[in-house]
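Peer 1: what follows is a predicted structure for the sequence shown.
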Amino acid sequence: MTRRPLTVRPARAADGPALAALYASFVRDSIVSFETEPPDGDEMVRRLEAHRAHPWLVATDDRDQPAGYAYGTPHRARAGYRWSVETTVYVAEPGRGTGRLLMERLLSECADRGLVSAFAGVALPNDASEALHRGLEFSRIGVFPRVGWKLGRWVDVSWWYRPLLDPPPDQPPPLPPGGSPAP
């Protein structure tokens, strides 16, 4: 089977149904997401629009068919956290490099926006996601034991950290308008 080359671009509202379809199996059939009901395309568009201050990216093939997506969201809602981002990535076919392609671009765009620290949570076990984060120079900083219930069992989540600006600036860099959550 020939692999189609992938392109990474910003997600747009028209991607909502395809992103919802890609994400649905993670919600229904795995512990990767703690959601229990898959969102529809309209809800995915709402999420995309609600977090425009952070990058949302889609990897597409030469027919513009999504192969995966990644996005950043505020790490926490309080004002002092606004230079930190939580990263997320979902891919249709693990092991093809799509996750790495998306995450490298996501991390670069987050740094370009003045964000200082990236965090990620990985539901366990998930060797592929942990390897991806390790390969992207994230450090595992801890585990929240039995933090979620999914598919009839308690699930641990490992937490990962990666500096985006290293060393961090003495003062927080300015963020673009709308580039941070409300205090």
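Peer 2: Done, it's in. Values in this document were obtained by computation on a predicted structure and should not be read as measured data.

Peer 1: so who does V116 touch?
Peer 2: 83-84, 163-165, 168-169, 172-173 (C-beta atoms under 8 Å, 6 or more residues apart in numbering). All C-beta atoms are positioned from the backbone trio N, CA, C, and that covers glycine.

Peer 1: please repeat the previous calculation with a cut-off of 10 Å.
Peer 2: Taking C-beta atoms under 10 Å, 6 or more residues apart in numbering, we find V116 in contact with 82-85, 110, 163-169, 172-173.

Peer 1: now these: which count as buried?
Peer 2: 82-85, 110, 164 (16 or more other C-beta atoms under 10 Å).

Peer 1: what comes up buried for whichever strand or helix holds L48?
Peer 2: Taking DSSP states H and E as the definition, L48 sits inside helix 41-50. Residues of helix 41-50 classed as buried: 41, 44-45, 47-48 (neighbour count, 16+ other C-beta under 10 Å).

Peer 1: so what's the gap between that helix and the chain middle?
Peer 2: 15 Å (C-alpha atoms, centre = their mean, to the nearest Å).

Peer 1: likewise stretch 25-32?
Peer 2: Worked out by C-alpha atoms, centre = their mean, stretch 25-32 lies 15 Å from the chain centre.

Peer 1: one more: stretch 110-119?
Peer 2: That offset, for stretch 110-119, works out to 13 Å (C-alpha atoms, centre = their mean).

Peer 1: now swap in stretch 48-66 and tell me
Peer 2: 11 Å.

Peer 1: quick one: mean pLDDT for stretch 163-175?
Peer 2: Average pLDDT, stretch 163-175: 87.

Peer 1: what residues does it touch?
Peer 2: For stretch 163-175, contacts defined as C-beta under 10 Å, 6+ apart pick out 53, 80, 82-85, 107-118, 137-139, 180.

Peer 1: quick check: helices, which of these are part of them?
Peer 2: The helices, defined by DSSP state H, take in 107-112 from the contacts of stretch 163-175.

Peer 1: which one of the residues you listed sits closest to L57?
Peer 2: Checking these against L57 with C-beta to C-beta, the nearest one is E109 at 7.5 Å.
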